[in-house]
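Student: sharing a sequence plus its predicted fold:
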Amino acid sequence: MQRAQRNSLRLLQWMMAASLALPVALFAIAATISYTSTREIADREIERTLDVAHEHALKVFETIDRSLAELNEVVRGLSDDTIRAREPALHRRLKRLSDSLPQLKSAWIFDADGKALVNSLASPPPELSFADRDYFYAHIDQSIGTFIGTALTPRPPYQGARFFGVSRRRDSDDGRFIGVIQASVLPEYFESFYARIGSDPGSFFAMGRTDGAMLTHFPRLDRDIRLDPTGPVGREIAARPERGLITVAWPSDGIERRIGYRRVAEYPIYVSAGLETSAIRARWFATIGQHLVFGIPATALLFLLLALALRRTQHLQAEAAKRREAEEALKHSQRLEALGQLTGGVAHDFNNLLTVIRASVDLLNRPQLTEERRQRYITAIADAVARAAKLTSQLLAFARRQTLKPEVFDVGERMQSLHDMLAPLLGPAIEIAMRLPTEPCLVRADAGQFETALINMATNARDAMQGKGRITFKVETATAVPDALAGASASQSLGNQPLGGQSLGNQSPPSHGFVSVTVSDTGIGIPAARLGRIFEPFFTTKQVGHGTGLGLSQVFGFARQSGGEVTVTSEVGHGSTFSLYLPRVPPELLPQRQAPNTAPAVAGSGMSVLVVEDNIELANFAADGLTELGYSITLVDNATDALAELVMDADRFDVVFSDVVMPGMTGLDLAQAIRDRGIDVPIVLTTGYSQALSQEGVAGFDLVQKPYSVEELSRVLHRAARIRRVRDGAAE
């Protein structure tokens, strides 16, 4: 029970831990999956945005490139003087071009010296040289196609926003350099476009040349930057020059971003789009926060409920422990009461027996006693001793401390053999009905105690019917001990904790089931109030002097010590039914029949016996009795001296007769030491009660139960010694 309670508390504690650990683990897994998913979603968004930015840049540069090609066709073959002559018309055409393209700030036609022949800003253009601008001198030495310059500031008297030039070379018919056609492109045009498509927090866009010069940047910068080709971004682009996706701290501001880049077709330009990693994490935190809004209260509620359940369980178990303590105290008081009854009853019965013995001894000491009276007193002493031995046997059986002699026997046969003995015991006014099975019902138990238990149950039934009625004995097999719903079992009667024993409820049922012996009577029945006490020692409903109250206690002790149970059902006015359950054994365990040994005392004929007994009076009694029968006796009072005698010369002894209970080395220890040393001397043990023997058995040694007679002792000693002589090849 306590183990189950500890397990239940441990289970609740584990559940409480799991109610936190499992959500945390699930949250960690979900957070990892969510972060990966958020990263993937962000990458897809960056790729889509990059596609838009790339498509936009490509169209812008293609449009500018076509416009420059058209202008080149317009002025192809015209001399500088002709162009100056047509300047007003060409100015208007360039102005219409720049006005129609919002990405253009202005359009220019330069001569070979870098002076403006025509532009879209002023007519006529000022006499200024732009030969130092990259968009001009890049074309002087060779034809390089479309050139995209760096970001520049307008030269006075021109004003306005910064720009970068997109230019083409003007060639004469013979291929000489005669000037440049140029369009000034506004970076802010791209920045405005990026602001529209990059409305999410942390958005980033940039456009730069392949040499690392930045043309436009969003968020807008107040300074020019150039990427180091050997830096992180330069190395990534060099490794994958067409397109890629990287996480990098951007050199302009040091902010870590997830950036995708892509080259714009045949132009030496890269466009890039990205998101700050902090913005990606913010999205992830927002998603996780939504989970936490529901997860934390649910987890807290579950943990709180489990904590309340644990506290409630602890409280209930504490209350149960208090109730168990109270019940144990009550059971203890009941056991003390039973022990008090036991002590008083034993003292009363033994005093009666001792009175008979003492009076008989006093009468035997009188002079001129007739032989008939002397024999009568001796018989009275023997009867008193027999009754005392029986009383002791009943006490040991109740306490489950008796050394039983189990054997395999058929319950049906044994019941049939008891029929003739039960008839005179129960009286002529009681009808006996036997219902015995046709197949063998074998058990392994002490046959003598079994018969005593049956006689006690039969006697109890007879007294319940006041000597008149019907008693039915029934033997049958049973798979288990049924619940005694209408009555009580022995374990219930004694609070499931009998004196000196354990409850059968803690044992596993036997594999072959039980044999049930039922004794039913037609008596007055047992009131429900008394049903729970009928197996207590010395509890009886009979008048004083008409019963000891140990009969049913013996039945209970025998049943429990044999691995069985005894139950009772009763109804006032309709009789009672007692059921004795003993473990069943398979038929193949039935031994061969042997004739009973009823021989009288056996003469010793010089047989040497080593008697080991610490009680000197009992030792002298045994020695005197055996000496009169012709045995040679060596008497020692402890097992150590006995072992020394055997080690010195074991061949001079035919048998060892030892008491079990002795100080120091016990008789069972002595017998085991003799066996371990290989000393070939038979061993016979004797005891009135031994805790070791009641728990472990006699370990294969012969046993004489106290009190014993000299005749019984001589037969056992003679048999043990004879078996040795037969084994040694010297049969009588």
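Tutor: The structure has been received and is ready for your questions.

Student: all helices of the stretch 151-300 of the chain, in order?
Tutor: In the stretch 151-300 of the chain, the helices defined using DSSP state H, counting those that start in this stretch lie at 187-197, 232-239, 277-364.

Student: number of residues surrounding A622?
Tutor: Using other C-beta atoms under 10 Å, A622 has 24 neighbouring residues. In this view, the C-beta of every residue, glycine as well, is placed from N, C-alpha and C.

Student: three-state assignment of it?
Tutor: Of the three states, A622 takes helix according to DSSP: H, G, I helix; E, B strand; the rest coil.

Student: pretty sure it sits against V716.
Tutor: No: using C-beta atoms under 8 Å, A622 is not in contact with V716, being 11.9 Å away.

Student: which of the helices of the stretch 151-300 of the chain sits closest to V660?
Tutor: Closest approach to V660 among the helices of the stretch 151-300 of the chain is made by helix 277-364 (22.2 Å; C-beta to C-beta).

Student: am I right that Q554 falls within a helix?
Tutor: Yes: read with three-state DSSP, Q554 is one of the residues of a helix.

Student: give me the pLDDT value at it.
Tutor: The score at Q554 is 78. That number is its pLDDT.

Student: same deal with the one 5 residues further on?
Tutor: pLDDT, the model's per-residue confidence, is 86 for A559.

Student: use 40 as the first number for this chain going forward.
Tutor: With the count now opening at 40, the last piece we talked about shows up as A598.

Student: which neighbouring elements make contact with the helix or strand containing it?
Tutor: For A598, the host element (DSSP states H and E) is helix 590-600. Applying 3 or more C-beta pairs under 8 Å, 6 or more residues apart in numbering; DSSP states H and E, we find helix 590-600 packed against helix 410-438, helix 486-503, helix 529-532, strand 604-609, strand 615-622.

Student: circling back: least confident of the helices of the stretch 190-339 of the chain, on average?
Tutor: Going by mean pLDDT, the lowest-scoring of the helices of the stretch 190-339 of the chain is helix 316-403, which has a mean of 79.

Student: from what I can see L51 touches F342, true?
Tutor: No: L51 lies out of contact with F342 (C-beta under 8 Å); the separation is 11.4 Å.

Student: give me the common contacts of these two.
Tutor: When C-beta atoms under 8 Å, 6 or more residues apart in numbering defines a contact, no residue borders L51 and F342 alike.

Student: quick revisit: need the helices of the stretch 190-339 of the chain in JSON lines (columns: mean neighbour count).
Tutor: Formatted as JSON lines, these follow (neighbours: other C-beta atoms under 10 Å):
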{"stretch": "helix 226-236", "mean neighbour count": "17"}
{"stretch": "helix 271-278", "mean neighbour count": "16"}
{"stretch": "helix 316-403", "mean neighbour count": "14"}
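
Student: of those, which is nearest A642?
Tutor: When the helices of the stretch 190-339 of the chain are compared by C-beta to C-beta, helix 316-403 sits nearest A642, at 27.2 Å.

Student: packing partners for the closest one?
Tutor: helix 41-114, strand 295-302, helix 410-438.

Student: got the angle for that helix vs helix 41-114?
Tutor: Relative orientation of helix 316-403 and helix 41-114, computed by axes from the mean of the first three to the mean of the last three C-alpha atoms, to 10 degrees: 170 degrees.

Student: and the helices in the stretch 640-771 of the chain?
Tutor: Ranges of helices within the stretch 640-771 of the chain are 655-667, 678-687, 706-715, 730-735, 749-766, based on DSSP H, counting those that start in this stretch.

Student: between these, which one is nearest to P127?
Tutor: Set against P127 and scored by C-beta to C-beta, the helices of the stretch 640-771 of the chain come closest in helix 730-735, at 132.1 Å.

Student: what is the mean pLDDT for the closest one?
Tutor: Mean predicted lDDT for helix 730-735 stands at 53.

Student: likewise for stretch 412-426?
Tutor: Here the average pLDDT along stretch 412-426 is 81.

Student: neighbours of the nearest residue to N659 once chain neighbours are set aside, just the number please.
Tutor: Once flanking residues are discounted, N659 sits nearest to L674: 7.9 Å by C-beta to C-beta, 6 or more residues apart in numbering. Residues within reach of L674, counting by other C-beta under 10 Å, total 15.

Student: surely L674 meets A662?
Tutor: Yes: L674 lies in contact with A662 (C-beta under 8 Å); the separation is 5.4 Å.

Student: what touches both of the two?
Tutor: The contact sets of L674 and A662 overlap at V650 (C-beta under 8 Å, 6+ apart).

Student: ok so, going back, any chance of the helices of the stretch 190-339 of the chain in a markdown table, plus distance to D560?
Tutor: Converted to a markdown table, the helices of the stretch 190-339 of the chain look like this (distance: least, C-beta to C-beta, whole Å):
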| stretch | distance to D560 |
| --- | --- |
| helix 226-236 | 105 |
| helix 271-278 | 104 |
| helix 316-403 | 24 |
